[in-house]
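[1] Sequence below, structure please.
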Amino acid sequence: MEINTFTNFKAFNSFIGVQAPIGSNIDIGKYPENTLLKSQGIYIDFYRISFKTNYINPELPDYDPKSPKPITAVFFNSPGKIYEWELTDNFEGYYLQLSKEVIEKNRYLFQKFLEYGYHEALFLTKQEEQEIVLLYENLIQKCSDKSTGQNVLLAYVNLILNLVESFYKRQFATETKKYNHIVSEFQQLLRDYYTSRIEGVPTVHYFADKMKLTPNYLGDVLKAYTHKSAIETIHEHITNRAKKLLLESNLTSTEIAFELGFDYPNYFSKFFKKQTQLTPNQFRKEKNTKK
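    I've put the predicted structure just below:
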């Protein structure tokens with residue numbers, strides 16, 4: 001079955017039952033009572049930030065069918081991801097839509113969490129909800145004024161995103177049980193990586209896929225809890241394993257490179273030197289000399 005792809009705001013807005021877009025690069029509005037409650041998988045070729053209140057979705061974490069509780073949260077949709085939903089009731093809130101063009105031209109204004117998945121939502125406190133509503137209302141007012149320049153609109157968008165970023169940091173800091181589990185699962189997957197058939201050098205995308213998370217979200221969680229980026233942690237693990245093989249086996253540097261998933265031995269040598277300031281052979285020779 002072919003999946004619908006929406007390349008512009010106008011077609012998507014009509015599909016879900018919201019007002020015609022304010023512009024082709026930035027669109028904002030309120031969800032009406034008759035917003036589409038169910039859809040099979042679709043693609044959207046732009047970015048969406050949805051702020052929803054009185055929201056019940058069986059697909060979300062912690063959903064209890066015996067006692068469904070409405071939530072207030074911010075959700076993200078980005079190009080290249082399948083988006084589907086089946087809601088049980090109407091909800092309220094706002095949406096902000098940004099074209100890929102406006103993101104690329106102003107990338108310095110936008111944070112990595114725009115690439116988060118729909119299931120990696122930000123759950124708001126009452127105070128945070130009030131702050132978000134105020135900014136959305138102000139942006140709607142500015143958008144309705146045709147004399148407002150795009151730079152002013154982008155400043156408001158940037159303010160919303162900076163606020164969201166600060167709220168995510170609060171969520172990472174307070175939801176320790178949830179995020180400790182993510183960190184533990186990642187560390188276990190990393191330890192297990194070389195115990196079975198490998199798929200090249202391990203990457204952030206590989207572990208994110210295994211954990212059904214987006215790479216940016218996984219990276220931000222790890223950074224918040226370990227103070228290291230995901231790629232730094234992966235590279236540290238590869239380096240430690242390389243050191244162990246250099247010191248405890250008779251494998252050549254070339255054999256170790258393939259053992260660790262490198263396609264070319266010279267890539268491994270450059271990687272190892274960047275991490276340790278020594279080539280693999282220099283490291284082995286230096287350590288063996290000190291024995």
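
[2] make it CA atoms for all contacts and neighbour counts henceforth
    OK.

[3] Next one: the most centrally placed residue in the chain, what pLDDT does it get?
    The centroid of the chain falls nearest to Y116 when counting by C-alpha atoms, centre = their mean (2.9 Å). Here the pLDDT value assigned to Y116 is 90.

[4] Let me see the contact set for it.
    For Y116, the contact set (C-alpha atoms under 8 Å, 6 or more residues apart in numbering) comprises F76, N77, S78, T214, N216, Y217.

[5] one more time with 10 Å
    With C-alpha atoms under 10 Å, 6 or more residues apart in numbering as the criterion, the residues that contact Y116 are F75, F76, N77, S78, L213, T214, P215, N216, Y217, L218.

[6] Quick check: the first one touching Y55?
    Read it as F75. No - F75 lies out of contact with Y55 (C-alpha atoms under 10 Å); the separation is 11.4 Å.

[7] Show me what the strand or helix carrying Y136 is packed against.
    Taking DSSP states H and E as the criterion, Y136 maps to helix 126-144. In terms of contacts (3 or more C-alpha pairs under 10 Å, 6 or more residues apart in numbering; DSSP states H and E), helix 126-144 is packed against strand 26-30, strand 47-55, strand 71-77, strand 92-98, helix 150-174.

[8] For E236, which of the ones you listed is the nearest?
    E236 lies closest, by C-alpha to C-alpha, to one member of those: helix 150-174, at 23.7 Å.

[9] following the closest one, which helix or strand shows up next?
    Downstream of helix 150-174, the next assigned helix or strand under DSSP H and E is helix 176-192.

[10] what angle sits between that next one and helix 150-174?
    Angle between the axes of helix 176-192 and helix 150-174 is 80 degrees (criterion: axes from the mean of the first three to the mean of the last three C-alpha atoms, to 10 degrees).

[11] Return the set of buried residues in helix 176-192.
    Y179, I182, V183, F186, Q187, L190 (16 or more other C-alpha atoms under 10 Å).

[12] tell me the contacts of the first one?
    What that stands for is Y179. Q171, F172, A173, E185, L218, V221, L222, A224, Y225.

[13] doesn't Y225 make contact with the third one?
    Yes - distance between A173 and Y225: 8.3 Å, which falls inside the contact criterion (C-alpha under 10 Å).

[14] between these two, which one's more packed in?
    Between A173 and Y225, counting by other C-alpha atoms under 10 Å, Y225 is the more crowded of the two (16 against 13).

[15] where's that one, which helix or strand?
    Y225 is part of helix 215-226 when elements are defined by DSSP H and E.

[16] Quick one: mean pLDDT over that helix.
    For helix 215-226, mean pLDDT is 95.

[17] same question, stretch 258-267
    Mean pLDDT, stretch 258-267: 95.

[18] Tell me which residues are up against it.
    With C-alpha under 10 Å, 6+ apart as the criterion, stretch 258-267 contacts 193-194, 197-202, 238-239, 241-242, 245, 251, 253-257, 268-269, 271-273.

[19] now stretch 195-203, how far from the chain's geometric center?
    Relative to the mean C-alpha coordinate of its chain, stretch 195-203 is positioned 23 Å out (C-alpha atoms, centre = their mean, to the nearest Å).

[20] Which of the residues in that stretch are classified as buried?
    Here stretch 195-203 shows V201, P202 as buried, counting by 16+ other C-alpha under 10 Å.

[21] residue ranges with poor pLDDT in this protein?
    Applying pLDDT under 70 to the chain picks out residues 1, 57-65, 290-291.

[22] Just confirm E131 contacts I160, I think it does.
    Yes - contact criterion C-alpha under 10 Å: E131 and I160 qualify, at 9.2 Å.

[23] More neighbours: which of those two?
    Set E131 next to I160 and count neighbours by other C-alpha under 10 Å: I160 wins out with 19 against 13.

[24] Quick check, that one in contact with L139.
    Yes - counting by C-alpha under 10 Å, I160 touches L139, with 9.4 Å between them.

[25] Mutual contacts of those two, please.
    With C-alpha under 10 Å, 6+ apart as the test, I160 and L139 both reach L96, V133, L154.

[26] Please give me every residue in contact with the closest residue to H205 other than its chain neighbours.
    The shortest distance from H205 to any non-neighbouring residue, by C-alpha to C-alpha, 6 or more residues apart in numbering, is to P215 (5.5 Å). P215 makes contacts with 112-113, 115-117, 203-209, 230, as judged by C-alpha under 10 Å, 6+ apart.
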